[in-house]
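Trainee: Just to be clear, the model below is a prediction. Sequence and coordinates:
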Amino acid sequence: MPESTVSRRVEKAAVPTIGNMLPPIIFGTSALGNLYQAVDRDTKRSIVSEWFEHCDGVVAADSAGKYGAGLALESMADALRSLNVAPDQILISNKLGWRRVALTTPEPTFEPGAWVGLEHDAVQDISYDGILRCWEQGCELLAPYRPQLVSVHDPDEYLAAATDKNDRQKRWDDILGAYQALSELRDRGDVLAIGVGSKDWRVSEELARAFPLDWVMLATSLTIRTHPQSLLDFVETMRLQGVSVINSAVFHAGFLTGGDYYDYRKVTGESVEDQELISWRQRFHGHCEQHGVRPAEACVAFGMSPPGVVATALNSSKPDRIAQNVQLVSAEPPAEFWTSMKRDGLIDASYPYV
């Protein structure tokens, strides 16, 4: 076993609180909310069943009121009930900030085209009172299960929608109010831990300075393709403060494993940027083939390599992919693979964790 892997495991064992409770894989649930395709009830039940089939101990799942306007929460609870899963066997994260409302138009008004076959709409509701409304509705949709981990959903996108400096300050105040409400839920024992998840990790850093958080979820930011030193410094700061880091979207929306989309935009090859992405992937896959490493294994292993990262969130709409996802979080590519990636300039040569 590579020395770096041994030292990483020793350091991770010292991560306190929520990090010691989380399994290395957290199951995403957007498919349960009919993201891009309608998934039937039996398939959703099979997806949830596979979580427990292939994981020992407590299963962790990440969901949100935004996913299918609450359909993901509802479907997960339905599956858990039908499988007779005890509440203490599931650790649920609910990202708050979107609330189910009646559907009064032919199609839902939020994220047009993303969600299929919905019977409800969703509205954003971020403030002290708004986040409590979202929390209460989430508990109703999940009953008899309850979320133990809570956060504000994509605060970076909420801030990015500001029209000017004053509007951004107002939105920031809304987010701070929401976190005040979440802090009170934690203080009185209604939730186990509070955190933040955003695609722009700098917003997470800003929030971590404003509120004592228990965990931070990264997305499309700390990957085998992109891993700036400033982000690595932030992850290490979180570790030293006892804040657990969860990584997600480590495949850049599937592009690194062969898909057509990179961070949710289609790569056509027409621009210089696209040509560079395609070239990088071709070289990456070449190293994977040479060393007998699946691209997905390399992506997950790299994303979990910093000592502060305790888990990876992986999503699948297919029950037969769950076992593979579980295996990914324990994959250990050989040291020679990382050396060749560094030698070719695909990974920063000074990256210390592989």
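Mentor: Everything's here; your move. Residues are numbered from 1 along each chain as shown.
Trainee: Surely Pro115 and Gln37 touch.
Mentor: Let me fix one detail, which is that residue 115 is Trp and not Pro. No: between Trp115 and Gln37 there is no contact, the gap being 9.7 Å when judged by Cβ atoms under 8 Å. All C-beta spots, glycine's among them, are computed from the backbone N, C-alpha and C.
Trainee: Surely Glu236 is within a helix?
Mentor: Yes: Glu236 forms part of a helix when assessed by DSSP: H, G, I helix; E, B strand; the rest coil.
Trainee: where along the stretch 201-350 of the chain do the strands fall?
Mentor: Under the criterion DSSP state E, counting those that start in this stretch, the stretch 201-350 of the chain contains strands at 215-218, 244-248, 261-262, 265-266, 309-314.
Trainee: Just the residues contacting stretch 67-86, thanks.
Mentor: Where contact means Cβ atoms under 8 Å, 6 or more residues apart in numbering, the residues beyond stretch 67-86 that reach it are 29-35, 41, 44-45, 47-49, 52, 61, 63-65, 90, 92, 94, 98, 100-101, 103, 108, 110, 115, 118, 120-122, 137-138, 141-145.
Trainee: Any regions of the stretch 251-354 of the chain where pLDDT drops low?
Mentor: Flagging of the stretch 251-354 of the chain using pLDDT under 70 yields an empty set of residue ranges.
Trainee: One more pass at 80, please.
Mentor: 264 (pLDDT under 80).
Trainee: how close does Thr257 sit to Tyr145?
Mentor: Relative to Tyr145, Thr257 is positioned 32 Å away (Cβ to Cβ, to the nearest Å).
Trainee: buried residues in stretch 152-159?
Mentor: Judged by neighbour count using 16 or more other Cβ atoms under 10 Å, the buried positions of stretch 152-159 are 152-156, 158-159.
Trainee: So which residues make contact with it?
Mentor: 64-66, 95-98, 124, 126, 131, 168, 171-172, 174-175, 178-179, 182, 196-200, 202-204, 207.
Trainee: ok, which pair from the buried residues of stretch 152-159 is furthest apart?
Mentor: His153 and Leu159 (12.6 Å; Cβ to Cβ).
Trainee: residue ranges for the helices of the stretch 101-250 of the chain, please.
Mentor: Along the stretch 101-250 of the chain, the segments classed as helices by DSSP state H, counting those that start in this stretch run 128-142, 155-160, 165-187, 201-210, 229-240.
Trainee: Show the end-to-end separation of stretch 210-221, please.
Mentor: Across stretch 210-221, the straight-line distance between its terminal residues is 21 Å, by Cα to Cα, to the nearest Å.
Trainee: gap between the residue nearest to the spatial centre of the chain and Ile92?
Mentor: Nearest to the geometric centre of the chain sits Ser248, at 4.0 Å (Cα atoms, centre = their mean). Taking Cβ to Cβ as the measure, Ser248 falls 16 Å from Ile92.
Trainee: Repeat that for Pro144.
Mentor: As for Pro144, its distance to Ile92 is 12 Å (criterion: Cβ to Cβ).
Trainee: These two: which has the busier surroundings?
Mentor: It is Ile92, of Pro144 and Ile92, that has more neighbours when counted by other Cβ atoms under 10 Å, with 23 against 9.
Trainee: quick one: contacts for the closest residue to Tyr128 other than its chain neighbours?
Mentor: Here the nearest residue to Tyr128 in space, its sequence neighbours aside, is Gly177; by Cβ to Cβ, 6 or more residues apart in numbering that works out to 3.6 Å. For Gly177, the residues meeting the contact criterion (Cβ under 8 Å, 6+ apart) are 127-128, 131.
Trainee: Show the buried residues in those.
Mentor: Among the contacts of Gly177, the ones that count as buried (16+ other Cβ under 10 Å) are 127-128, 131.
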